[in-house]
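J.: Everything below, folded, please.
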Amino acid sequence: MDEEALTALAFGPDARSADPIPRDGSPRQRLLAAIVLGARGRYAAAADLLDPLRRGSDPLTASLAASTLASHRRQLGAHVLARKLDGEALLAVGLRSATVQSGSMAASSQPAASSLDAPSPDASRGRDLQANELLDPGGLVEPTEDPHGLDLQGARADALLGLAADNLALGRIAAARRLAVRAAQADRRWRATIRGGWVGAEIELADGQPEAAVAPARLAYETAVARYARRHIVKSGIVLGVALLSAGQDGARELVVAAAADAEKYELDSLSWVADRVAADLDHDRAEEYRFRSRQVLHAVLRHADPGVMRIAHESPWVPVGPG
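T.: Have a look, this model is predicted:
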């Protein structure tokens with residue numbers, strides 16, 4: 001399976017493949033393979049690919065790998081671990097965000113780490129994180145812009161949105177808002193727009209503003225549909241469905257039931273157990289069927305996680321490993 005096929009699985013309309021996901025190839029191919037494996041709930045296999053990339057010499061690849069691993073940790077309730085990884089990702093690429101102007105990249109300075117609530121220690125190197133390092137870590141050259149955001153702008157946005165989600169899970173809503181704003185300033189392309197919509201909706205829901213959650217969730221869903229990005233359509237359908245349900249608006253059931261069906265069809269186990277659990281609350285005639293499937297899929301996902309994260313998942317209030 002070549003890079004084009006892996007890119008299609010990660011970001012395209014058909015997230016399904018009968019072929020095994022390769023574990024070798026270029027750093028980009030291994031990163032894409034890890035993204036696909038994570039979407040399928042194969043977290044330990046994804047971590048085996050991401051850990052060497054995090055420790056490699058290329059800061060862009062290291063950042064994207066750390067953010068991807070953080071996302072996988074967060075999906076199983078390991079928010080503290082995820083926050084360290086997202087801080088590592090931000091350190092690798094710095095906060096000097098790039099904006100596109102007439103086809104070229106122009107740098108603009110951003111505030112220091114303390115104002116963005118990034119972790120102060122660099123866990124991977126055991127030294128203090130200085131503000132000037134975040135602004136410009138050195139050794140970075142802006143590459144050609146990547147259509148899926150696997151470039152410096154996208155890496156910065158990924159790290160900032162990850163930190164926003166981590167802070168939100170830890171109850172720091174104001175910090176999450178600030179980080180989400182910085183992420184939007186770093187990258188406004190399709191993938192960052194979708195992920196920003198997810199985080200924005202979750203912030204509003206956590207802040208007790210369900211009506212305000214609908215607009216960012218709808219933007220994420222509509223952007224994903226316009227891009228034919230299957231994996232993103234599924235998650236966006238779940239997020240928008242939850243926002244609509246919380247706001248007392250119509251349309252939640254259809255969105256979530258469709259997301260659950262697609263997650264099963266395309267073997268997106270990382271999303272399937274979540275979609276089924278939400279669908280159980282919306283489709284009363286099939287509620288027990290959805291709950292049973294959610295437990296089945298989550299059990300399979302946990303069997304494919306590394307032991308440390310499996311333990312955290314069992315202890316996390318975010319992951320319903322018990323009955324029900």
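J.: Going along the chain, name the helices of the stretch 1-150 of the chain.
T.: Applying DSSP state H, counting those that start in this stretch to the stretch 1-150 of the chain gives helices spanning 3-11, 27-39, 43-54, 59-75, 79-93, 131-135.
J.: What residues of the first one count as buried?
T.: Same thing as helix 3-11. Ala5, Leu6, Thr7, Ala8, Leu9, Ala10, Phe11 (16 or more other C-beta atoms under 10 Å). In this view, the C-beta of every residue, glycine as well, is placed from N, C-alpha and C.
J.: So for stretch 277-284, what gets flagged as buried?
T.: In stretch 277-284, counting by 16+ other C-beta under 10 Å, buried: Arg277, Val278, Ala279, Ala280, Leu282, Asp283.
J.: a markdown table for the residues you listed, including distance to Arg28 and pLDDT?
T.: Converted to a markdown table, these look like this (distance: C-beta to C-beta, whole Å; pLDDT from 0 to 100):
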| residue | distance to Arg28 | pLDDT |
| --- | --- | --- |
| Arg277 | 34 | 96 |
| Val278 | 34 | 97 |
| Ala279 | 35 | 98 |
| Ala280 | 38 | 97 |
| Leu282 | 39 | 96 |
| Asp283 | 40 | 95 |
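J.: Pull the contacting residues for the residue positioned nearest the centre of the chain.
T.: In the chain, the C-alpha nearest the mean C-alpha coordinate belongs to Ser71, at 4.7 Å (C-alpha atoms, centre = their mean). By C-beta atoms under 8 Å, 6 or more residues apart in numbering, the contact list for Ser71 reads Gly38, Ala82, Gly162.
J.: Name only those of these that count as buried.
T.: Buried members of the contacts of Ser71, scored by 16+ other C-beta under 10 Å, are Gly38, Ala82, Gly162.
J.: I figured the first one hits Ser67, correct?
T.: So that's Gly38. No. Contact criterion C-beta atoms under 8 Å: Gly38 and Ser67 do not qualify, at 11.4 Å.
J.: buried residues in stretch 25-37?
T.: Gly25, Pro27, Arg28, Gln29, Arg30, Leu31, Leu32, Ala33, Ala34, Ile35, Val36, Leu37.
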